[in-house]
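Asks: sequence and predicted model, in that order:
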Amino acid sequence: MPRKKNQAFGLGSTLIKNRFGNKKGLSAHKFAAELEENDEGGMLVNNLKSVVELDDMDDFLATAELAGTDFTAAKLNVRYMDRDQAGLQPVERSQFTQLQMEINNMLSVPRRPKWDETTTKEELDTAERECFLTWRRHLAGVQEELEVELTPYEKNLDFWRQLWRVVERSDVIVQIVDARDPLLYRCLDFEGYVKEVGPNKKNIILVNKADFLSIEQRQIWRAYWDEQGVTAVFWSALLENEKLDAKKDEEEEDEVKIEPVEDVVEEDVATRLLTREELIDYFKAMRSEGQDRIVIGMVGYPNVGKSSTVNTLMGEKRVAVSATPGRTKHFQTLNIDEHLCLCDCPGLVFPSYISNTAEMVLCGILPIDQMRDYVAPINLLASRISRSLLNCFYGLRIALPKEHDPDQSRPPTSNELLDAHALSRGFMTSHGQPDNARSSRIVLKDYVNGKLVWSKPPPQVGTPDADSDTKYIADYRSTTPMLSEVRSIVDESKYRQTQHLMAAEKSKKNEQAAEEAQFDVEISTFVVGSHRAAHSDRPGSTDQPGGKKKHFKKKEKMRRRRTVQY
């Protein structure tokens, strides 16, 4: 016989209520072993919950509770942050660069323990795990001691095992870095580890995407590399891949003539971009006397062009291209010819120091499609790319600062930039507001892919003051290729002409929007007037109290209204 709805649960529930009272948060379906009693004799939550189900915050609180830690809110140590200024760093660049160099010198890569022929598989596996755990604890100690934020580095031991094997079998280790910020992708401790494995092994820095830099900027970096005693070459996998595709098309269609791209200014041998054939010959020239075959180990961050470089050197697609680590599970050996072999390593993220998460997104370390907050990255992007360049590149008119704004020369905020971009493209949400999230992904991908060019100069020698450092950065970035092209196009006369054309176009759009709005009103009046009598008794009619009026193309009307006001 089933239990009635209002019938008591039973003797167990009665005993629990008699002992502890009817307190909130208690469930009548808990066993005695599932309940935990605190120091005051009260009942706590379920204590048989799996640890796997805890998130980071719950795990932290549970650990603090076991350790008996008491947290007190520091109410006087509160700093209010403006959301429009999120992602901007108040620290001077010279101070941050010096701190970044000091912290990067303290960061290390895990070492493989020593082994020989007598070492068993189980002993080597245990030793590798212990060394890896010690390395993880060292990084956690550095992060806690200096109170800094490290980049999300690789925490899978199997990937580091692949790196160890690549270093052991390679004669030359090539670190592929991004030309826009080479020092971020360079790991100094890894170069030392290569020398520890084999004193005769060589380290090379391959500066990929060097076509984003001008000749003057490459000369500055060449002087820096020579001063540091680093062997570095400039290279662009994208340009060489385009040349290969053009050569294949020329072979297939003889009637189509493709003119080779020639540099207007003659470059120095040390600063020019190496071609595919020159880079292959450069690697072959590093063979020692009596060595017939050389192995080149390719190591680098994700999204720096490592797989593109390997495919370009091979002359065909042999390695899968991916912007996130984990695509390549094991190292691969690819033979270009009998004298040169490439050893491709899985993409690894080395531990390094960076200012904030927004810079990780702009550097391509974190995937853009998985970001949760776009305000900080867009603010940082707007501080790097000028307002005039953004207006010219996207054809926008970003709103200027208000009259009461104390800083009239400030960069545009994320809302100002994204509102202008979304309204010009017609990206609207269901509520008739600009879809800033969609626009942010487009703008950030343009920045990462190099359509919006920004690069960081090498650090100055010594300890320069703020004025000299600002002038040094301005002189370095004044020669950016895209900036020079935009300045040659948008001069004063053309800018005025553009303003007149945009004003005329805006007036035309206003007139068109007014005519369409008037037409919509007339049509709606005609429809309502002609069918008012026939549909007056219909449920939901606008004549009835409580009837709902149907909006025609509400999303499009809201977009037009915002565009006209803008």
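Replies: Perfect, thanks for sending it. Residues are numbered from 1 along each chain as shown.
Asks: burial of Q291, as a residue count?
Replies: The burial count assigned to Q291 is 10, neighbours taken as other C-beta atoms under 10 Å. Where you see a C-beta, it was placed from the backbone N, CA and C, and this is true even at glycine.
Asks: phi and psi next, for it.
Replies: Q291 adopts backbone torsions of phi -90, psi 120, taken as degrees, to the nearest 10.
Asks: need the contact list for it.
Replies: Q291 sits next to D171 when contact means C-beta atoms under 8 Å, 6 or more residues apart in numbering.
Asks: give me the distance between it and M314.
Replies: 22 Å (C-beta to C-beta, to the nearest Å).
Asks: again with V177
Replies: Distance, V177 to M314, by C-beta to C-beta: 21 Å.
Asks: of the two, which one has the most company?
Replies: Set side by side, V177 and M314 show more neighbours around V177, with 22 against 16, by other C-beta under 10 Å.
Asks: please name the bridge partners of the more buried one.
Replies: V207 (DSSP bridges).
Asks: surely it and R186 touch.
Replies: Yes - counting by C-beta atoms under 8 Å, V177 does reach R186; the two are 5.5 Å apart.
Asks: now for those two: what residues contact both?
Replies: Shared contacts of V177 and R186 (C-beta under 8 Å, 6+ apart): I205.
Asks: what sits closest to Q217 if chain neighbours are left out?
Replies: In space, and not counting its chain neighbours, Q217 is closest to T479: 5.9 Å by C-beta to C-beta, 6 or more residues apart in numbering.
Asks: cool, and V361?
Replies: P377 (4.4 Å).
Asks: report the contact partners of that neighbour.
Replies: For P377, the contact set (C-beta under 8 Å, 6+ apart) comprises G87, A358, V361, L362, M371, S440, L444.
Asks: look up how far P182 lies from the fourth one.
Replies: Relative to P182, L362 is positioned 15 Å away (criterion: C-beta to C-beta).
Asks: quick one: the strands in this structure?
Replies: Taking DSSP state E to define them, one finds strands in the chain at 172-178, 202-208, 232-234, 294-300, 332-335, 340-344.
Asks: would you turn these into a markdown table with distance to G192 and mean pLDDT?
Replies: Formatted as a markdown table, these follow (distance: least, C-beta to C-beta, whole Å; pLDDT from 0 to 100):
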| stretch | distance to G192 | mean pLDDT |
| --- | --- | --- |
| strand 172-178 | 12 | 94 |
| strand 202-208 | 9 | 94 |
| strand 232-234 | 17 | 93 |
| strand 294-300 | 14 | 92 |
| strand 332-335 | 25 | 88 |
| strand 340-344 | 20 | 91 |
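Asks: in CSV: these, plus distance to R165.
Replies: As requested, the strands of the chain are exported to CSV (distance: least, C-beta to C-beta, whole Å):
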stretch, distance to R165
strand 172-178, 12
strand 202-208, 18
strand 232-234, 25
strand 294-300, 10
strand 332-335, 11
strand 340-344, 9
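Asks: and Q219, which of those strands is closest to it?
Replies: strand 232-234 (10.7 Å; C-beta to C-beta).
Asks: for the closest one, packing partners?
Replies: The contact analysis (3 or more C-beta pairs under 8 Å, 6 or more residues apart in numbering; DSSP states H and E) places strand 232-234 against strand 202-208, helix 215-228.
Asks: again, only this time at 7 Å
Replies: Applying 3 or more C-beta pairs under 7 Å, 6 or more residues apart in numbering; DSSP states H and E, one finds that strand 232-234 contacts strand 202-208.
Asks: circling back to that earlier point, and the residue nearest to V361, how far from E277?
Replies: Applying C-beta to C-beta to P377 and E277 gives a distance of 39 Å.
Asks: C363 now?
Replies: C363 sits at a distance of 31 Å from E277 (criterion: C-beta to C-beta).
Asks: pick out whichever of the two has more residues nearby.
Replies: Higher neighbour count among C363 and E277: C363, with 20 against 10, using other C-beta under 10 Å.
Asks: got the contact list for the closest residue to W225 other than its chain neighbours?
Replies: Among residues not flanking W225 along the chain, A232 sits closest, at 4.3 Å (C-beta to C-beta, 6+ apart). By C-beta atoms under 7 Å, 6 or more residues apart in numbering, the contact set of A232 is I205, V207, W225.
Asks: make sure the first one is actually in contact with Q175.
Replies: Yes - at 5.5 Å, I205 and Q175 qualify as touching, with contact defined as C-beta atoms under 7 Å.
Asks: what is in contact with the two at once?
Replies: Shared contacts of I205 and Q175, defined by C-beta under 7 Å, 6+ apart, are found at R186.
Asks: tell me the pLDDT of D337.
Replies: On pLDDT, D337 comes in at 89.
Asks: from I296, how far off is it?
Replies: From D337 across to I296, the span is 12 Å (C-beta to C-beta).
Asks: and the two? which has more neighbours close in?
Replies: I296 (25 against 9).
Asks: for that one, which residues are in contact?
Replies: S170, V172, V174, F283, L340, L342, C343.
Asks: how many neighbouring residues does the second one have?
Replies: Spelled out, it's V172. By other C-beta under 10 Å, the residues close to V172 number 19.
Asks: mind listing the residues bridging to it?
Replies: K202, I296.
Asks: between I205 and Q175, who's got more neighbours?
Replies: The neighbour count for I205 versus Q175, taken as other C-beta under 10 Å, is higher for Q175 (26 against 20).
Asks: what about the more buried one, distance to D158?
Replies: 21 Å.
Asks: look at R180 and report its pLDDT.
Replies: Confidence score, pLDDT, at R180: 91.
Asks: with adjacent residues omitted, what lies nearest to F234?
Replies: A210 (3.9 Å).
Asks: picking up where we left off before, can you say which of the strands of the chain is nearest to N436?
Replies: strand 172-178 (27.3 Å).
Asks: low pLDDT regions in the stretch 151-300 of the chain?
Replies: The stretch 151-300 of the chain contains residues with pLDDT under 70 at 251-269.
Asks: sorry, that was for the chain
Replies: Looking along the chain with the criterion set at pLDDT under 70, you get 1-10, 16-102, 104-105, 149, 251-269, 321-329, 354-355, 461-466, 482-502, 519-566.
Asks: could you redo the last one with a cut-off of 50?
Replies: 25-54, 73-77, 80, 89-95, 255-266, 489-495, 530-550, 552, 564-566 (pLDDT under 50).
Asks: wait, K306 touches M298, no?
Replies: Yes - counting by C-beta under 7 Å, K306 does reach M298; the two are 5.8 Å apart.
Asks: need the overlap of contacts for the two.
Replies: What both K306 and M298 touch, as defined by C-beta under 7 Å, 6+ apart, is the set I176.
Asks: among the contacts of P377, which are in helices?
Replies: If you go by DSSP state H, those have A358, V361, L362, S440, L444 in helices.
Asks: before we move on, the earlier item: L390 is nearest to which of the strands of the chain?
Replies: Checking the strands of the chain against L390 by C-beta to C-beta gives strand 172-178 as the closest, at 21.9 Å.
Asks: if we look at the closest one, which residues are touching it?
Replies: Identification of contacts with strand 172-178 by C-beta under 7 Å, 6+ apart yields 167, 185-186, 194, 201-209, 286, 294, 296-300, 304-306, 309.
Asks: compute the inter-axis angle for that strand and strand 202-208.
Replies: Put simply, strand 172-178 runs at 30 degrees to strand 202-208, going by axes from the mean of the first three to the mean of the last three C-alpha atoms, to 10 degrees.
Asks: re earlier: buried among the contacts of I296? Make that a PyMOL selection.
Replies: The buried subset of these, as determined by 16 or more other C-beta atoms under 10 Å, is captured in PyMOL by this line:
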select buried, resi 170+172+174+283+340+342+343
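Asks: now flag whichever of the contacts of I296 is closest to P113.
Replies: Set against P113, the nearest of the contacts of I296 by C-beta to C-beta is S170 (19.6 Å).
Asks: residue contacts, the spatially closest residue to that closest one that is not a sequence neighbour?
Replies: Among residues not flanking S170 along the chain, G297 sits closest, at 3.1 Å (C-beta to C-beta, 6+ apart). For G297, the contacting residues are V166, V167, S170, V172, I173, V174, C343, C345, by C-beta under 7 Å, 6+ apart.
Asks: nice, that's everything, thank you.
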